[in-house]
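Chemist: For reference, the sequence and a predicted model appear below.
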Amino acid sequence: MTKEFKRPDGRKVDELRKMSAKVGVVPNADGSAMFSFGDTIAIAAVYGPKKMHPQHKQNPEKGTLRCNYNMISFSVNDRIRPGMSRRSMEISEISKWALEPVLMIDNYPNMVVDVHINILQANASTRCAGINAACLALAHAGISMKNMVSSVSIGKLDKQLVVDVDKKEEDWEEGEGATDIPITMTSDDKITHLQLDGKITNKQLKDAIELARKACKEIYEVQKKALKESLGEEK
Amino acid sequence: MDKVQKTSNMTGERIKEYLSNGKRFDGRNLEQFRELIIEPGISKNAEGSARVKLGKTEVLVGVKMNTSEPYPDSPNKGNLMVTTELLPLSSPRFEAGPPKIESIELGRLIDRAIRESKLIELDKLCIKEGEKVWTVFIDIYSINDDGNLLDAAGIGAIAALKNAKIPKYDEKNETVLYEESSGKNIPLSKDIPVSITAHKIGENIIIDSTREEEDISETRVTIGSSNGIVSSMQKGNSKELSIKEMEHILDLVEKVEKEISLKINKSIK
């Protein structure tokens, strides 16, 4: 790796933006949380487990997880028209796949767990922030889980790998341009989600996964701390 | 599951009993607002924004601006658009999907309170007559619904408008440069319209109702007014009101509106 690589905001290549996490931000919900990477802020709320309605959608073998990812209209510079887009529908599904492996969803036959993720402010890596918030909200709701997941986006700017991509980096045009690789991992290093847009060699992708593994450890600590703080408050 | 159910009859009876003694479950009297917290400027990508908390009720309001063609009947005036999304995140009662009547009505009520009071000087938002004007989008999102989203949204809309800065407009390329602010505020008149909603429960009139109270309310009146001048009004739900009751609501709202507009002014300066 080249030592002199300069990121637009001056971070080190393996440095995450300042993270913050808080549990219990939506009193109405069964579980809720906020998670942010710098200026990217996501909140998530969990409702359930509750009886699946309509009845024909009930699965007597296991419960159902439903995710709903949505960016609020003023989260970005160019106002987004309210409502679901093709992009948000895909990310909703991706988030579900990222979270489901750690949920003991078999414990909830005929039931449904709804996870609503809303991006309040966006500066890239919104799906990662959303997944991190959603995982916290699920834990806060007391849904049976085997583990936590943490999500981070790894970027390749020209030839350089960086951790936690922001908007300026996402739009990187010099050299080979930007490759964006959002990755979600459990705390015991299993990958539950990986996407990639751009161009990257086999070797570098392996390095990217290793970077993600380390970053996810840091994120996991932030998530754990937020959950412990919420317990402190309630006791 | 139970959370989705409306206030039970027994709780409803108890609320009515309390109200006839001038009391409410949370210790307020009939004419009192919950604690109001206004946080302006909570979003970096919006031109203006605010978070409003009324007790446990929370809304986010953002103002975005873009240029567009004016409407044929107002070639020299900017446009205003108010949208509300009742997020499924904010309550087990709200579902994803196309907007329902509750959120449409909420947006329209706020729209009228702002439009009819002439709060925004829309004629100052004209770039080129008949061709290009600013459109002001006010987008309202519920974060937690514990009743009276309407008044919280109205307060949030005012706070976000007061907080907003017009982005720079590049006349040559006809594009909006969101990264650069023109440094100008949205031109607003001095009188700020506050919308206050009163509910009738049993024989009593209350303001700033909680979710529990709203459930058993038989009728409501929303009034947008500024310094005692009413500029928009809507009676909702089917139950009738006597003239005396309507007059009582008008007097009550006039009194409360002053308090609230003071609070708005304080939190924004």
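Modeler: Everything's here; your move. Numbering: from 1, shown residues only, chains lettered A, B, ... in the order given.
Chemist: Show me the strands in the chain, by range?
Modeler: Using chain A here. A:19-23, A:31-37, A:40-51, A:64-71, A:111-121, A:149-157, A:160-163, A:178-186, A:191-194 (DSSP state E).
Chemist: that's the other chain; I wanted chain B
Modeler: B:36-40, B:48-54, B:57-68, B:79-85, B:126-128, B:132-144, B:165-170, B:175-185, B:194-201, B:204-207, B:219-226, B:229-236.
Chemist: As TSV, these with mean pLDDT, distance to residue A:186 and mean neighbour count would be great.
Modeler: Using the backbone N, CA and C atoms, a C-beta is placed for each residue, glycine as well. Formatted as TSV, those follow (pLDDT from 0 to 100; distance: least, C-beta to C-beta, whole Å; neighbours: other C-beta atoms under 10 Å in any protein chain shown):
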stretch	mean pLDDT	distance to residue A:186	mean neighbour count
strand B:36-40	96	36	17
strand B:48-54	97	34	25
strand B:57-68	96	32	24
strand B:79-85	95	33	21
strand B:126-128	93	53	16
strand B:132-144	96	29	24
strand B:165-170	94	43	17
strand B:175-185	90	38	13
strand B:194-201	94	47	25
strand B:204-207	95	50	22
strand B:219-226	94	49	23
strand B:229-236	92	49	17
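Chemist: which stretch among these comes nearest chain A?
Modeler: Taking C-beta to the nearest C-beta, strand B:57-68 is the member of the strands of chain B nearest to chain A, at 2.9 Å.
Chemist: Quick check: residues of the stretch 101-250 of chain B near chain A?
Modeler: Within the stretch 101-250 of chain B, the positions near chain A by C-beta under 8 Å from any C-beta of the partner chain are B:137, B:139, B:141, B:143-146, B:178-179.
Chemist: returning to that earlier point: turn the strands of chain B into TSV, columns for distance to residue A:166.
Modeler: Conversion of those to TSV gives the following (distance: least, C-beta to C-beta, whole Å):
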stretch	distance to residue A:166
strand B:36-40	24
strand B:48-54	20
strand B:57-68	21
strand B:79-85	26
strand B:126-128	32
strand B:132-144	24
strand B:165-170	21
strand B:175-185	14
strand B:194-201	39
strand B:204-207	45
strand B:219-226	41
strand B:229-236	43
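Chemist: Quick one, which of those strands gets closest to residue A:157.
Modeler: strand B:175-185 (20.3 Å; C-beta to C-beta).
Chemist: Can you tell me the closest non-neighbouring residue to residue A:126?
Modeler: residue A:119 (4.7 Å; C-beta to C-beta, 6 or more residues apart in numbering or on different chains).
Chemist: Could you do residue B:51 as well?
Modeler: For residue B:51, the spatially nearest residue (C-beta to C-beta, 6+ apart) is residue B:39, at 4.3 Å.
Chemist: Residue B:26 versus that neighbour, what's the distance?
Modeler: Residue B:39 sits 22 Å away from residue B:26, going by C-beta to C-beta, to the nearest Å.
Chemist: Kindly report the same for residue A:30.
Modeler: Counting by C-beta to C-beta - residue A:30 and residue B:26 are separated by 22 Å.
Chemist: At the contact with chain B, which residues of chain A appear?
Modeler: So chain A meets chain B at A:25-29, A:32, A:39, A:43-45, A:47, A:50-51, A:68, A:70, A:72-79, A:82-84, A:114, A:116-118, A:120-123 (C-beta under 8 Å from any C-beta).
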